[in-house]
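*Asks:* 3D model of this:
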Amino acid sequence: MVRGRPARLSSALDIEAIRAEIPGSAKQIYLNTGWQGPSPLAVLRAVQAAFEAEAEGPTAPPTHEQRLADFRHCREALATLIGASAEEISIQQTTTEGINLVLFGLGLRPGDEIITASGEHSSVIVPAYYARERYGANLKIVRVSGADSSADILARFQEQATPALRLIALSHVSYSTGQVFPVRELAALAHERRAFLLLDAAQSVGQLPVDVRELAFDFCAFPGHKWLLGPAATGAFYVRRDLISGLEPVKVSHHASAFYNFKDHFETKGDTIDKFEMTTVSVPLLAGLNAAIDFTSGIGLEAIADRAVGLARYTTERLREIPGLRMISPPELASVSTGIVSFALDNVVPAVLTAHLWETERVVARTVPDAACTRLCFHVFNTEAEADTAVEIVRAAAKRGVPEVAHPTIRIESDAMVEL
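*Replies:* Numbering: from 1, shown residues only. All right, here's what the predicted structure looks like:
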């Protein structure tokens, strides 16, 4: 554990230059990249240029040629990002789609065991419950907290695993606590029992380096709109090459057909990744995702991770000094390994505190209802000054409470969680 107050963050990065490329960073204190990140100018320009080209002649040969180039490049870029091959990457719109593809395409049977963790995002736990209801699978939920070590978490999964284990499904980084799960060790646990590991990498890809070969997971889904800073409705689904043929597509289009005619002859296509894809993609959004990957990769994922963790530790050290505040993310500085910081006050409801942060100094945070906390997410473009502003608002709220007035942003946030 780091003792005392750390020195001011040092960085070889030109943070002001990075912020100048992200217009949203000048309009508010944006600490909610874990929900959706503010896009850089390069992303906006790429989307606009692609939309303008499509508007002029959507199916004209030159437009089609450019659209195909953008689409193919996106698959390659997503693969490179996580150390996969393009033949293992399916372009999807959301992380949730990839998770569903595994849980409902794996061929689960009654008695098959699924293990996940408490505090999982609804995109994992809800499909897991549906798999239990549809197939009679045995769903086990391992209890974890932000104070748990990787060894603690691994031991609990080991205690729950039986020879019936078929799938471990969980996040790489917890969206509520920011802790990094021991993925490589959990993958080994699954493989020892001839089971699989499905990873929700929504909070890791773009925030820290992710390598599919090093971590050895079998399936992975991640979005483009969070830490990668790309457009919403973009994302990817990874399937290890040798597992593609054994995973059935949940929804199908012509991509899943090797041959068909109108004389009663049909052949499925089972061994290529595009069988998981539907028709009609938004190439302008993928052009924006290409630009987002270029932007974050240009900064460097190691540098982004170092910056995010440094800001999170800086903030955690100040928050934990506040009387009446409970850390939900790891309270020990040495255990803070991502840019996610979450906490709760004894005297202020989390949704009220989140609203108060916005109403006081336009600090964009997030409430995590399942963990009963307020969450701050620090990316490379955030600053110590922004962290200080958020901490001082929380400190004042812990001391004096929050005025009992209407907070319209509570309803807005709640509705957005449900509807968007």
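*Asks:* so how far is E302 from T296?
*Replies:* From T296 across to E302, the span is 11 Å (CB to CB, to the nearest Å). Quick note: C-beta positions are derived from backbone N, CA and C, even for glycine.
*Asks:* and the two? which has more neighbours close in?
*Replies:* Counted by other CB atoms under 10 Å, T296 and E302 do not tie: T296 has more neighbours, with 24 against 10.
*Asks:* then the helix or strand N290 falls within to CSV, C-alphas only?
*Replies:* For N290, the host element (DSSP states H and E) is helix 283-299. What follows is helix 283-299, C-alpha atoms only, in CSV (Å, rounded to 0.1, in the frame of the first residue of the first chain):
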residue,chain,number,x,y,z
VAL,A,283,-20.5,1.7,-42.2
PRO,A,284,-20.3,5.4,-41.0
LEU,A,285,-20.4,4.2,-37.4
LEU,A,286,-17.7,1.6,-38.2
ALA,A,287,-15.6,4.4,-39.9
GLY,A,288,-15.9,6.2,-36.6
LEU,A,289,-14.8,3.1,-34.7
ASN,A,290,-11.8,2.8,-36.9
ALA,A,291,-10.9,6.4,-36.1
ALA,A,292,-11.4,5.8,-32.4
ILE,A,293,-9.1,2.7,-32.4
ASP,A,294,-6.5,4.8,-34.2
PHE,A,295,-6.9,7.6,-31.6
THR,A,296,-6.5,5.4,-28.5
SER,A,297,-3.9,3.1,-30.1
GLY,A,298,-1.9,6.3,-31.1
ILE,A,299,-1.8,7.3,-27.4
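*Asks:* how much space separates Q48 from K27?
*Replies:* Q48 is 19 Å from K27, by CB to CB.
*Asks:* quick one, domains of this protein?
*Replies:* The chain breaks down by automatic domain parsing into domains covering 15-30+300-419, 46-297.
*Asks:* okay if I get these as TSV plus mean pLDDT?
*Replies:* TSV is the format used below for those (pLDDT from 0 to 100):
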stretch	mean pLDDT
domain 15-30+300-419	97
domain 46-297	97
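*Asks:* run the chain-centre distance for stretch 179-199.
*Replies:* From the chain centre to the centre of stretch 179-199 is a distance of 18 Å (CA atoms, centre = their mean, to the nearest Å).
*Asks:* start to end distance for it?
*Replies:* Stretch 179-199 has an end-to-end distance of 14 Å (criterion: CA to CA, to the nearest Å).
*Asks:* in that stretch, which residues are buried?
*Replies:* Going by neighbour count (16 or more other CB atoms under 10 Å), the buried part of stretch 179-199 is 179-183, 185-187, 189-190, 195-199.
*Asks:* just want the most central residue of the chain.
*Replies:* The centroid of the chain falls nearest to A202 when counting by CA atoms, centre = their mean (1.4 Å).
*Asks:* returning to that earlier point: T338: which of the buried residues of stretch 179-199 is nearest?
*Replies:* V180 (6.3 Å; CB to CB).
*Asks:* now do the contacts for that closest one.
*Replies:* Taking CB atoms under 8 Å, 6 or more residues apart in numbering, we find V180 in contact with 150, 172-173, 204, 208, 337-338.
*Asks:* give me the distance between it and V173.
*Replies:* 5 Å.
*Asks:* give me the common contacts of those two.
*Replies:* What both V180 and V173 touch, as defined by CB under 8 Å, 6+ apart, is the set 204, 208, 338.
*Asks:* might one say that the first one is in contact with F222?
*Replies:* Right, S204. Yes: using CB atoms under 8 Å, S204 is in contact with F222, at 7.4 Å.
*Asks:* shared neighbours of the two, anything?
*Replies:* Common neighbours of S204 and F222 (CB under 8 Å, 6+ apart) are V210.
*Asks:* I'd assumed P331 was in contact with E317.
*Replies:* No: under the criterion of CB under 8 Å, E317 is not in contact with P331, lying 9.7 Å apart.
*Asks:* just the CA trace of stretch 19-38, in CSV.
*Replies:* Taking Å, rounded to 0.1, in the frame of the first residue of the first chain, the C-alpha atoms of stretch 19-38 are listed here in CSV:
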residue,chain,number,x,y,z
ARG,A,19,-8.2,17.2,-24.4
ALA,A,20,-8.2,19.6,-27.3
GLU,A,21,-9.1,16.7,-29.6
ILE,A,22,-12.1,15.7,-27.3
PRO,A,23,-14.6,18.6,-27.4
GLY,A,24,-16.7,17.1,-24.6
SER,A,25,-13.8,17.4,-22.1
ALA,A,26,-14.2,21.2,-22.2
LYS,A,27,-18.0,21.3,-21.6
GLN,A,28,-18.2,19.4,-18.4
ILE,A,29,-16.1,17.2,-16.1
TYR,A,30,-16.7,13.9,-17.8
LEU,A,31,-16.1,11.0,-15.4
ASN,A,32,-18.5,8.4,-17.0
THR,A,33,-16.5,6.8,-19.8
GLY,A,34,-17.5,3.4,-18.3
TRP,A,35,-21.0,4.1,-19.6
GLN,A,36,-20.1,5.9,-22.8
GLY,A,37,-17.0,7.9,-23.7
PRO,A,38,-16.9,11.3,-25.4
